[in-house]
Structures are given as structure tokens and as C-alpha cells.
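In: Mind looking at a prediction? Sequence and model below.
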Amino acid sequence: MNTDIDTKPTADSNTVRRYVQSSLAGDLAAGFSVAAVSVPIVFAYAGLTGLPVQSGFYAAIFAAIGYALFSSSRVIAGPDTATSIMVGATLTAIGTAGTGDRSLDAAILALLVGIACFAASLLRLGAIANFLSKPILVGYMIGIAASLFVGQYHNLTAVKIVSDGVVRPTIELLGKLNEAQLPTLLTGLALFAVARFMKWLTPKLPRAIVVLVLGIGASWLFDLPHKGVAVVGDIQLSLPHIPTALHLSNAPLLILDALGIAVVSFANGIVTARSFATRLNENVDPNQVLRGFGAANIAAGFAMGYPVSGADSRTAVVVSAGGRTRLTAIFAALALVLLTLVLHRPLAILPMAALGAILASAAVDLVDFETLWRTRRVSPFELLLGLFTAAGVVTFGVMNGIMIAVGASIMHLLWYASTPGEALLGHIPGRPGLYDLAHSNVEPISGILIYRMEGSPLFFNAGWLRQRALLAAAHYSHPFNLFLLDARMMATMDSTAQDEIIALADALRERNIRFVLAGGGKRFREIVNRGGIVEALGPENVFETVSAALYALGKGGMPLDEDSND
């Protein structure tokens, strides 16, 4: 059930009261937690773009608000690794060197990305998200959790990790444990233990905020900065500076790169939104997510920020801290302003190990092996796809993992659709309906072979249909001179399938076997009526229902039930 609520202004005091009672505390706690972990992340991503750190804060603050206003998902929009790297590479490629010019080009790039996302939502391109099945989304989240956890090795140990992926950094860390800074390691492990213990003992309390307060208190009490423990440091943030004279000469050079960043932003963002929605048993409208990212990027651009996407780590903190509605993002933006303008002094001594503990704990909360285990009972192949997706994210990175997930989903769909189920049908004397002859008490209908394909015939399985139908006719153990294709489970077909059905009828006719087509969904029947099948087969061999076909073929005394497909 979607727990998000309509956050537009309303006179319904009951709605406000219910929100205050059920969600406000969790949203506030999650918002402050997200703001706290955003500070060092924003610093890091701004470095990837080659922009001033203020640009990162503007992007994080205004993008979160823009996304929350235009999308109902609990995803936090903000700077992320993939888009930050692409922004930096784009600005360097077009030769933007000066800080002012670079910031302006980054803002223009964000505006173009936002426009592209809005245009994609109008074209309903969010439908690509439908190719992501639940097991694949769960596998993606496991990969994200592993990557997020491994990304905290440095914060928790102060050991510099240079390897990529998950396995190699882990092996590297084990080989460098003697280089770990003991105060940092003890601080990180102690705070991680606190977060996990609170998850078990007091799951409703805001663990991230407790860990932050304890981290600041330990830093002040034991003077951790002077013992070599890395801390966030002081932050200076001012209002965005909007240039009075806009130089748009580079704008045409940014269009193609903006489209590329928009694709990456949406791909990353929609997978993040769908994955967390699956984890929380919620629904997500992909086109609304597109509009949300459009608004987020436009807001970031007007605030002199740079392009953004869905922030996996900060969204994980939202879920872990109990954020329930999209107001969490607005609270996070306001809290980020508060932290940087008012509470920057205590935040300056916050150990990076505390942030590592929060993110590592959030990563553990993302793992949902239970769903994958349940999937094993339903479809072992889908379980493999989920694990394959997790391995792709872990091995090749988040964006490549997304491409692997989409590719795996499409391959699974094509494999499943290219070899649909099939059955030869008969009847049980005295009972209505047609039944699978594989059952021991089902008898064939005299003189008729009834073949059913459990799916729609299309270009990738139409040849399979013809081959399997001819094979069934060749090996049918009962005498027959009439072949009835039961199309009740066919929702549609294309021109290739139409040609294959006609070829099937011709091949059977050469064996002196009459071919009859009966049933089909609404779209299937429309194609039959306007295509060439009726002319090719003859109107006496095409029927709207199986009942009508059997009646016309002299089997009218047999009671039938069109809904029976056993």
C-alpha cells in the first residue's frame, strides 16, 4: 500500500491531523538524517564536477524540493556519482575553465536535462520501467547495498581504498588492516553497533540522528580530531549568485550531452524509485518520476547547481530512518540549510566514521533476501536473474548494472514469450468445458484435434506455433480430419503471425486436414476481421468462439464453458 499522502494545501484538518500523528515525526527525523549525511557527500561530488562546493549544496537543496513538489515518490533527488562524473567530463570537453563560466554552464546543463526529462514524461517514455521485474529490482538493491557498504570502508577505517567493485576493495582492506587508524576504527564500529542494536531494540527511533549526536559528543569529549579522526569540517554557504549577464554561447554544445545525462539520470532515478517502492510495497508512476526529475534539475539549474538524479544512499537513509512521505525531502533540504548556516560549528567536528556507520547500517537494511528466496519457489529462473543483476551492479557499477538489469528483463520476457505453454484439449463426459488431455480422465473429441497456444502469436514465436502445431498433428494418437486452433488465450497478433497461421492451414490442407480458427481477444479478433485470414481460410473456418465452432462442426450437443481453460 502506498503510504504517501497528498501534500498539497488543503482545508481538510483531518488530513493534517492524521499526517501529524502518523508521519511527521518520521519525516522530520529522516529529513535531518539525510541532511547530515549529505554534507560530506556533496563535498565529494562537487569535486568530481570541478565546481565550487556551493554548487553542490545548491543542487542538493533545490533539487530535493523540486522533486518533492512534482513526484509522490520518497526518493531523494540530488547529486550522484554517475551524473557528477558526466557533468565534469562535459564541462571539461567544451573547454570551460573559469569558475564562474563553469558554474553557469553547469546550471544551463541542468536546465537542459530538466527540459529533456519533462519532454520524456510527455512522450510517456517512463514505460521503459515496466521492463524491470520485482526480482531484478530486489537484485539491484542488493547490489546497491553491497556497493554502499563497501564505499564506507575508508570512513570506517581511514584506510585508502583504490580498487573498484566490491570483492577487490574487500580483499584490499583485509590486506591493509594494519594501516587502519585505531580511533577511527573504534569510533566507526561502535557507532555501527549502536545503529544495528537500535534497529533490533528500538526500530521506531531515528537511529541516524542518535548516531550523529553520539558521534559529535564523542568527538568533543575525546577530542577525536586531534587523535587523527577525520571530521566533516567547517562549511561556508551563502545564497546562490545569479549572474546578471548570461553568456549562452556554449548552450548549443551542451544539448547532446544534456540528453545523455538525462538518460542516465532517469535510468538511475527510476530504478532507485522502483526498487525502494518494491521494498516498501508501494506503487510508482514512472512518468511522474520523470516529471519529478525534470523539476529537480530545473530547480537546481535556476539555483546555479548542476544536474542531479536519484540519490541511492540518501534514499536508503530515508527508509532506514522511517521517512514516510515526500515531505521528507523538503525537511531534508531545510535541515541542510539549517546545518550549514546555523549548526555548522557542532557539525564541523562530526566524525566521518559516524557518517560511514549510518550509511553502512542503511545498506544492511536494504538487503531483502527473503523476497529472492520466495521467488525461488515460484520461478528459479527469475531468482537467477535477480542474483545476476546484483552481481552486475557489484562487478560493473551502478549504471552498467542498470543496463544489465534492463537487458536481463527483456531477454527474460522474450524467452518466456517465445516458448509459450501449449495443450491438446478434450472433454470430460457430463462436464462443461475443454480440458488438457494430459489429465487421465479427459477424453479426445471424436475426429477433432484441438490445439491451444497459451500466449499471443508474434514475430518471435509465430514460427514456433506453426512448428509445434504440425508436430502435434503428426503425433496425435487419435484419428482426426479437423484441426481446431483454440485462440482464446491470444490477445493480439502481428502480420508475421498471420502469415504463419495461414501457412499452417495450407500445410494441414495438403494432408487433407481441415483447419479452423476459433476464439481470441478483442484486439486479436479485430486483426482477424481486417486482415487476410478470413479470406485465406474461408469464412466457414473462422469463428468468434470455440463454442460456436464446435456447434457448427456438429458437436452442438456438447456442453461448453468458454471460460474453462483447464
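Out: Right, received. Where do you want to start?
In: Residue ranges of each domain in the chain, please.
Out: 24-234+262-369, 421-555 (automatic domain parsing).
In: Could you work out which of those reaches nearest to Ala408?
Out: Relative to Ala408, the nearest member of the domains of the chain by CB to CB is domain 24-234+262-369, separated by 6.2 Å. From N, CA and C alone the C-beta is placed, and that goes for glycine too.
In: Just the mean pLDDT for that closest one, thanks.
Out: The average pLDDT within domain 24-234+262-369 is 84.
In: Dump the domains of the chain to JSON lines, plus mean neighbour count and distance to Ser379.
Out: As requested, these are exported to JSON lines (neighbours: other CB atoms under 10 Å; distance: least, CB to CB, whole Å):
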{"stretch": "domain 24-234+262-369", "mean neighbour count": "22", "distance to Ser379": "8"}
{"stretch": "domain 421-555", "mean neighbour count": "17", "distance to Ser379": "14"}
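In: Nearest to Leu253, out of these?
Out: Nearest of the domains of the chain (CB to CB): domain 24-234+262-369, 4.9 Å.
In: Quick one: end-to-end length of the closest one, please.
Out: End-to-end distance of domain 24-234+262-369 (CA to CA, to the nearest Å): 30 Å.
In: How about the contacts made by the closest residue to Thr389 other than its chain neighbours?
Out: Of all residues not flanking Thr389 in the chain, Gly139 sits nearest, at 3.6 Å (CB to CB, 6 or more residues apart in numbering). Listed by CB atoms under 8 Å, 6 or more residues apart in numbering, the contact partners of Gly139 are Leu372, Leu385, Gly386, Leu387, Phe388, Thr389, Ala390, Val393, Ala405.
In: host element of Gly139?
Out: Using DSSP states H and E, Gly139 maps to helix 134-150.
In: Looks like Gly50 contacts Ala93 (just checking).
Out: No. Using CB atoms under 8 Å, Gly50 makes no contact with Ala93, being 11.8 Å away.
In: helices or strands up against the longest helix along the chain?
Out: Counting by DSSP state H, the longest helix found in the chain is helix 251-280. With contacts defined as 3 or more CB pairs under 8 Å, 6 or more residues apart in numbering; DSSP states H and E, the packing partners of helix 251-280 are helix 81-93, helix 99-122, helix 134-150, helix 286-302, strand 309-310, helix 312-321, helix 398-418.
In: What count of nearby residues applies to the closest residue to Ala408 other than its chain neighbours?
Out: What sits nearest to Ala408 in space, not counting adjacent residues and going by CB to CB, 6+ apart, is Leu385, at 5.0 Å. Per other CB atoms under 10 Å, the neighbour tally for Leu385 reads 22.
In: What does the pLDDT read for Leu385?
Out: Per the predicted model, pLDDT is 79 at Leu385.
In: ok now do it, which residues does it touch?
Out: Residues in contact with Leu385 (CB under 8 Å, 6+ apart) are Ser133, Pro135, Ile136, Gly139, Ala408, Ser409, His412.
In: Wasn't Glu422 part of a helix?
Out: No. With DSSP: H, G, I helix; E, B strand; the rest coil as the criterion, Glu422 is strand rather than part of a helix.
In: beta partners of it?
Out: Counting by DSSP bridges, Glu422 is bridged to Met453.
In: Wait, it touches Pro457, no?
Out: No. The criterion here is CB under 8 Å, and Glu422 misses it with Pro457 at 11.6 Å.
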